[in-house]
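J.: Give me a 3D structure for the following:
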Amino acid sequence: MKIMGARAPAIGWLLLIALAACDGTPQVRIEGPNGVSKAVVKVEIADTQPAREVGLMYRQHLADNAGMLFVFKQPQHLTFWMKNTEIPLDMIFAAADRTVTGIVANAEPFSERQLSVDGDSQYVLEVNAGFAQRHRIEQGDQLQFVAISPSAKD
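T.: Reported below is the predicted structural model:
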């Protein structure tokens, strides 16, 4: 017997988002241009220079729907590297209006190669490698902040 038909997955996503928002955990919801949620990530916030310098270095594990949101005072051309970072990552860059400007996929652990996207960004969301492809995240998607109002402290 089919209870909800094709709407069940959409309703399930909405329930997950609502439950996650209730616990007060800082999160980033990623939406497509049509407003449909693609993913929800529980985030740690790197909003100071020391926090941004360390980032996810020295970590040996990152949960599937976890990440780190890097917050800068103003939009600028941002460059990252993977020095001392053990986990392969996707880096999702976003402008001041939280529109995804580009993605660096599958950044290689321990690499000192400079990684960036074209244009200026104010936010970078780091997640496990393959996350962006798995959730079909692409340039033009939107980051929505849940239980946070991120602003750089320095």
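
J.: which intervals of this protein have sub-threshold pLDDT?
T.: 1-23 (pLDDT under 70).

J.: which stretches of it form strands?
T.: Along the chain, counting by DSSP state E, strands occupy 27-31, 37-46, 66-76, 89-94, 100-107, 121-128, 142-146.

J.: leaving aside the residues next to it on the chain, what's closest to residue 131?
T.: Residue nearest to residue 131 in three dimensions, not counting chain neighbours: residue 90, with 5.0 Å by C-beta to C-beta, 6 or more residues apart in numbering. Placement of C-beta: from N, CA and C, glycine included.

J.: Count the neighbours of the one you found for me.
T.: 22 (other C-beta atoms under 10 Å).

J.: First-to-last residue distance for stretch 35-52?
T.: 30 Å (C-alpha to C-alpha, to the nearest Å).

J.: Could you give me the buried positions within it?
T.: Buried residues in stretch 35-52, counted by 16 or more other C-beta atoms under 10 Å: 37-43, 45-47, 51-52.

J.: contacting residues for the closest residue to residue 120 other than its chain neighbours?
T.: Closest residue to residue 120 apart from its sequence neighbours, by C-beta to C-beta, 6+ apart: residue 75 at 3.9 Å. By C-beta atoms under 8 Å, 6 or more residues apart in numbering, residue 75 lies in contact with 95-96, 120-122.

J.: Now do the residue lying closest to residue 63 once chain neighbours are set aside against residue 29, distance only.
T.: Once flanking residues are discounted, residue 63 sits nearest to residue 42: 7.5 Å by C-beta to C-beta, 6+ apart. Between residue 42 and residue 29 the computed distance is 11 Å (C-beta to C-beta, to the nearest Å).

J.: swap in residue 120?
T.: Distance from residue 120 to residue 29, by C-beta to C-beta: 23 Å.

J.: Looking at the two, which is more packed in?
T.: residue 29 (18 against 15).

J.: Beta-bridge partners for that one, please?
T.: Note on residue 29: beta-bridge partners by DSSP bridges are residue 40, residue 144.

J.: can I assume it is in contact with residue 36?
T.: No. Between residue 29 and residue 36 there is no contact under C-beta atoms under 8 Å: 10.6 Å.
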